[in-house]
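Participant: my questions are about this predicted structure, shown below with the sequence.
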Amino acid sequence: MLNFVDTVVDAVAGIKDGSTVMIGGFGNAGQPFELIDALLECGAKELTVVNNNAGQGDQGLALLIKEGRVKKMICSFPRQSDSWHFDAKYKAGEIELELVPQGNLAERIRAAGAGIGGFFTPTGYGTMLAEGKETRIIDGRGQVFETPIHADVALIKALRADGKGNLVYRKTARNFGPIMAAAAKHTIVQVAEIVPTGGLDPENVVTPGIYVNSIVKVAGSGNTAEKAA
Amino acid sequence: MLNFVDTVVDAVAGIKDGSTVMIGGFGNAGQPFELIDALLECGAKELTVVNNNAGQGDQGLALLIKEGRVKKMICSFPRQSDSWHFDAKYKAGEIELELVPQGNLAERIRAAGAGIGGFFTPTGYGTMLAEGKETRIIDGRGQVFETPIHADVALIKALRADGKGNLVYRKTARNFGPIMAAAAKHTIVQVAEIVPTGGLDPENVVTPGIYVNSIVKVAGSGNTAEKAA
Amino acid sequence: MSLTETSIQTSDAPMGRDDLARLVARDIAPGSFVNLGIGQPTLVSNYLTEEQNVTLHTENGMLGMGPAAEDDEIDGDLINAGKIPVTELPGASYFHHADSFAIMRGGHLDICVLGAFQVSATGDLANWHTGAPGAIPAVGGAMDLATGAKDVFVMMTLLTRDGASKIVESCTYPLTGVGCVTRVYTDKAVFLTGPDGVTVRETFGTTLEELQELVPVPLKAAPAAGRRDPGAP
Amino acid sequence: MSLTETSIQTSDAPMGRDDLARLVARDIAPGSFVNLGIGQPTLVSNYLTEEQNVTLHTENGMLGMGPAAEDDEIDGDLINAGKIPVTELPGASYFHHADSFAIMRGGHLDICVLGAFQVSATGDLANWHTGAPGAIPAVGGAMDLATGAKDVFVMMTLLTRDGASKIVESCTYPLTGVGCVTRVYTDKAVFLTGPDGVTVRETFGTTLEELQELVPVPLKAAPAAGRRDPGAP
């Protein structure tokens, strides 16, 4: 069921301790900052978070990690120049890390949404990230068995939603949004604009409303340039 | 390399005997009728054809089958009220059939384009279409191992192309086009219209030009209603 | 629960195809995403109300499918899974075949409604192939729907032309899916199927005892009560 | 082929980073689809000509990426894999992450250019992790690029700060991919790597004999001839 909610706090209120939460975004583009702030406020803990990175600077996911709400990160690129909160927790042994090549991360999320039980991929074969995993040679290439990543909740950002929950995104802020929306049991979206049903061209819808559960309008969140400034 | 060619005959001229050819379309929607006619004319034989159906009436793929050019069909739904050419060849033992559930067909084509070596799916588990295939129980559900379907050539129809080979489609004529374009070594597209580079909104491109090799404009092929009439 | 506890809903007459379609439509929860199979299940769309806000999926790449197209609405690029020209409702969306089947296979459809040759006591479905010698098999999207939707409803007559029950202990026709059917709507009764066997939810112009004589698997009565008028809107 | 058959191209001086980027750019076939890794490989984009009609891919969901954005072009929603604001060229397209990596993993990119810690004689790549105790690993899209692109070019200095060769018999750093690198562009020479070992295509301010003293794997000379002027446009 689709709900339009008034505030980001209302939108995330149902997130329980111990949930697996996917968070969209690559760098700042597509990061649902306001939803992450609300998640911090709502107090859910023992979270497993799926995001490409592990937080940057003193905002968003980095604060969630700093406050000890994140039990485990599933990501491809945790170490950045300004990932100090993750770095500190990791070195203190206070956060678990599942490091996943970015393409495997994307494909595993996609697999969850598409009902795939697992797949073989050449990415990672022969590397330490395939250690302990099933492998086989297919058409002469070594391949690794990878499993879907499901989530209880996805927090994503889109540009625009219509009354049916159909979404369009903006430029490279699209990134993980569409596949996370499909992989999570409950998808919460912050958008810059809500248009009437019929206001999006059916040919151009990127995420059909079937994947969307809660929508909240956040003024000015269409372009992360403003946010990052 | 992307080429714009003048005629459908030129477009298909390089297709060799023994090729695996994917043909887009679901029913008449999205069927590249003119390219199929050209394939008939060019004389390539011993073909393996991947299409959802196995030809209807006395046109397109049905004629290719009638003329004995198709060694094997990979499809989900060969038997239709007007599939008499396929029916005759099949009953005479003159054509091989690999019957694939439609979702497995789509996912196997997608897997080929995405570099996936194989995947597990619940579809078909416990049925005769899984006989002889590897199975395993994943999260309590029986699943079947399915492999990618690669092709030498894809023949598809789109609405519009730009100078970079980016494509958009029209309504349910989109169907298999985007995934076949990605799965074939050489993708040939008939379009109703070619617009200058920059004439398609980057947000709305469905098939990026990286998947397209040859484009031919076929007047009036944008809407199969006209064709089917 | 024994046969004597017949606390099930009943009506006085067998259900016609349209009445049954109306009944299925009424059982679909508001806001659901639904796929209606080719043939009898398509009738259900005639009885969905606007207030139900049900979104129809068609496997060939669309959500928000509208009624069949008429006259100058007909567009060869806009067809349903049965290749019938249809229309587009506001809020529709188009996508390619892998994305369309991901919707089905990923468990995102609330309900699909399918026809059937046979349904077993534990919800196995046979609806794609008679298995007859020389028959050309064709499966389409049946296995994906049967396996992927959260609930699989079957619509069929209870008996074959020869009077045999289509609800069986174990399917003799080739299977479409294992343990996937949750409800069977027939002219004589609505059955709930699952790991625990067959429960009768309501009967139409027959009694549970009479049904039990027709159906070769043990039938339980549902705890629900009330009477269903097949002619009600 | 022995070391005495030095029919390779040479130039008089070692290549600087920009000269090397120009050389890589010149080696990219017209019409190619290319992904340039973070750091030194990004310099290559400065030397691609319009006539080459090369399309740049960025893993975060775009084909047709243009140069770095400046001033009022800067848009936080339009960044590259290094999170630097970039621009959009006519004919660009956007797609989600799984579609973007399908382009890489499905073998559709003609070339990717990456930095490296080490490359082995048979083209194994190590470029993501030092393996040092306590180091926090981060892999990003490196393994997908290394495994998926048709050709993997590496750009690096031949020697570490300590003077050790980065072309090695067998990588001591954790691997990114096995047997994936096809060419290594360094300040001192261009090497071709593959199942048959290492071939030197051209040298810059050094001889094949001098190179062989630096590099602990057998070097073969390429059959090509001619001289490369590092300063030429």
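Facilitator: It's in.
Participant: name the helices or strands packed onto the worst-scoring helix or strand of chain C on mean pLDDT?
Facilitator: For chain C, the helix or strand with the lowest mean confidence is strand C:9-11, at a mean of 74 (criterion: mean pLDDT, DSSP states H and E). Packing partners of strand C:9-11 (3 or more C-beta pairs under 8 Å, 6 or more residues apart in numbering or on different chains; DSSP states H and E): strand C:198-204. (Glycine included, C-beta is placed from N, CA and C.)
Participant: can the strand ranked longest in chain C be found next to chain A?
Facilitator: Longest strand in chain C, counting residues (DSSP state E): strand C:86-94. Yes. Strand C:86-94 lies within reach of chain A by C-beta under 8 Å from any C-beta of the partner chain, at C:E88, C:P90, C:G91, C:A92, C:S93, C:Y94.
Participant: list only those of those flagged as buried.
Facilitator: Among the residues of strand C:86-94 next to chain A, those classed as buried by neighbour count (16 or more other C-beta atoms under 10 Å in any protein chain shown) are C:E88, C:G91, C:A92, C:S93, C:Y94.
Participant: unless I'm mixing things up, A:E134 is touching A:E146, no?
Facilitator: No. Look at A:E134 against A:E146 with C-beta atoms under 8 Å: they stay out of range, at 9.4 Å.
Participant: okay, the two: which has more neighbours?
Facilitator: Per other C-beta atoms under 10 Å in any protein chain shown, whichever of A:E134 and A:E146 has more neighbours is A:E146, with 26 against 12.
Participant: give the contact list for the more buried one.
Facilitator: A:N104, A:E107, A:R108, A:A111, A:G118, A:F119, A:F120, A:T121, A:K133 (C-beta atoms under 8 Å, 6 or more residues apart in numbering or on different chains).
Participant: in the chain, which spans are helices?
Facilitator: As the question left the chain open, I've gone with chain A. Under the criterion DSSP state H, helices of chain A are mapped to A:8-12, A:33-42, A:61-66, A:84-91, A:102-114, A:177-183, A:224-228.
Participant: right idea, wrong chain: chain C
Facilitator: Taking DSSP H to define them, one finds helices in chain C at C:17-26, C:97-105, C:142-148, C:208-214.
Participant: returning to that earlier point: farthest-separated two in the residues of strand C:86-94 next to chain A?
Facilitator: Spanning the widest gap among the residues of strand C:86-94 next to chain A are C:P90 and C:Y94, at 13.9 Å by C-beta to C-beta.
Participant: need the outlier residue of chain A, farthest from its centre.
Facilitator: A:G140 (34.1 Å; C-alpha atoms, centre = their mean).
Participant: need the pLDDT of that one.
Facilitator: Note for A:G140: predicted pLDDT of 95.
Participant: so what's the residue count around the closest residue to C:L109 other than its chain neighbours?
Facilitator: Spatial nearest neighbour of C:L109, excluding adjacent residues (C-beta to C-beta, 6 or more residues apart in numbering or on different chains): C:A149 at 4.4 Å. By other C-beta under 10 Å, the residues close to C:A149 number 27.
Participant: sorry, back to before: want to throw the buried ones among the residues of strand C:86-94 next to chain A into CSV with pLDDT?
Facilitator: What follows is these, written out as CSV (pLDDT from 0 to 100):
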residue, pLDDT
C:E88, 97
C:G91, 98
C:A92, 98
C:S93, 98
C:Y94, 98
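Participant: which one of those residues sits closest to chain D?
Facilitator: Minimum distance to chain D across those is 14.7 Å, recorded for C:S93 (C-beta to the nearest C-beta).
Participant: wait, the closest one sits on A:T197?
Facilitator: No. With contact defined as C-beta under 8 Å, C:S93 does not reach A:T197; the gap is 11.4 Å.
Participant: so where's chain A uncertain?
Facilitator: Across chain A, the ranges flagged by pLDDT under 70 are A:221-229.
Participant: cool, chain C as well?
Facilitator: C:1-8, C:224-233.
Participant: and it, which residues reach chain A?
Facilitator: C:31, C:33, C:55, C:57, C:62-64, C:88, C:90-95, C:98, C:101-109, C:148.
Participant: what sits against residue 157?
Facilitator: Answering for chain A, as no chain was given. The contact partners of A:K157, by C-beta under 8 Å, 6+ apart, come to A:G24, A:G25, A:G30, A:Q31, A:P32, A:L35, A:A173, A:G177, A:V189, A:Q190, A:V191, A:S221.
Participant: switch to chain C, that's the one I care about
Facilitator: So C:T157 contacts C:K166, C:T186, C:D187 (C-beta under 8 Å, 6+ apart).
Participant: count of neighbours near residue 17?
Facilitator: All of this is about chain A. 11.
Participant: meant chain C actually
Facilitator: Close neighbours of C:R17, defined as other C-beta under 10 Å, add up to 13.
Participant: can you give me the strands in the chain?
Facilitator: Here I'm looking at chain A. A:3-5, A:20-23, A:47-50, A:70-75, A:96-99, A:118-121, A:135-138, A:141-146, A:151-161, A:167-168, A:184-194, A:214-217.
Participant: nope, chain C
Facilitator: Under DSSP E, chain C gives strands at C:9-11, C:33-36, C:55-58, C:62-68, C:86-94, C:111-114, C:118-120, C:125-126, C:151-155, C:167-168, C:181-185, C:189-192, C:198-204, C:219-221.
Participant: possible to save those as CSV with distance to B:I156?
Facilitator: Shown next, in CSV, are the strands of chain C (distance: least, C-beta to C-beta, whole Å):
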stretch, distance to B:I156
strand C:9-11, 51
strand C:33-36, 25
strand C:55-58, 20
strand C:62-68, 18
strand C:86-94, 15
strand C:111-114, 28
strand C:118-120, 38
strand C:125-126, 33
strand C:151-155, 32
strand C:167-168, 43
strand C:181-185, 36
strand C:189-192, 44
strand C:198-204, 46
strand C:219-221, 51
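Participant: please identify the most buried of the ones you listed.
Facilitator: strand C:125-126 (a mean of 28; mean count of other C-beta atoms under 10 Å in any protein chain shown).
Participant: and it, how far out from the chain's middle?
Facilitator: The chain centre lies 12 Å from the centre of strand C:125-126; the measure is C-alpha atoms, centre = their mean, to the nearest Å.
Participant: contacts for that strand?
Facilitator: Strand C:125-126 is contacted by residues C:114, C:116-119, C:146, C:152, C:154, C:171-177, C:180-181 when judged by C-beta under 8 Å, 6+ apart.
Participant: go again using 6 Å as the cut-off
Facilitator: With contact meaning C-beta atoms under 6 Å, 6 or more residues apart in numbering or on different chains, strand C:125-126 is reached by C:A116, C:F117, C:Q118, C:V119, C:A146, C:C171, C:Y173, C:L175, C:T176, C:G177, C:C180, C:V181.
Participant: now those: which count as buried?
Facilitator: So, by 16+ other C-beta under 10 Å, the buried ones in those are C:A116, C:F117, C:Q118, C:V119, C:A146, C:C171, C:Y173, C:L175, C:T176, C:G177, C:C180, C:V181.
Participant: also near chain B: which of those, exactly?
Facilitator: C:L175 (C-beta under 6 Å from any C-beta of the partner chain).
Participant: now the buried ones among the contacts of strand C:125-126 in CSV, with distance to B:S19?
Facilitator: Converted to CSV, the buried ones among the contacts of strand C:125-126 look like this (distance: C-beta to C-beta, whole Å):
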residue, distance to B:S19
C:A116, 39
C:F117, 38
C:Q118, 41
C:V119, 43
C:A146, 34
C:C171, 40
C:Y173, 37
C:L175, 35
C:T176, 33
C:G177, 34
C:C180, 38
C:V181, 41
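Participant: pick the one among the buried ones among the contacts of strand C:125-126 closest to B:C75.
Facilitator: Nearest member of those to B:C75, counting by C-beta to C-beta, is C:T176, at 17.3 Å.
Participant: how about stretch C:193-202 against chain B, any contact?
Facilitator: No. Judged by C-beta under 6 Å from any C-beta, stretch C:193-202 stays clear of chain B, getting no closer than 12.2 Å.
Participant: residue numbers of chain A in contact with chain C?
Facilitator: Counting by C-beta under 6 Å from any C-beta, chain A sits next to chain C at A:1, A:113-115, A:162, A:164, A:166, A:197-198, A:202-203, A:205, A:208, A:210.
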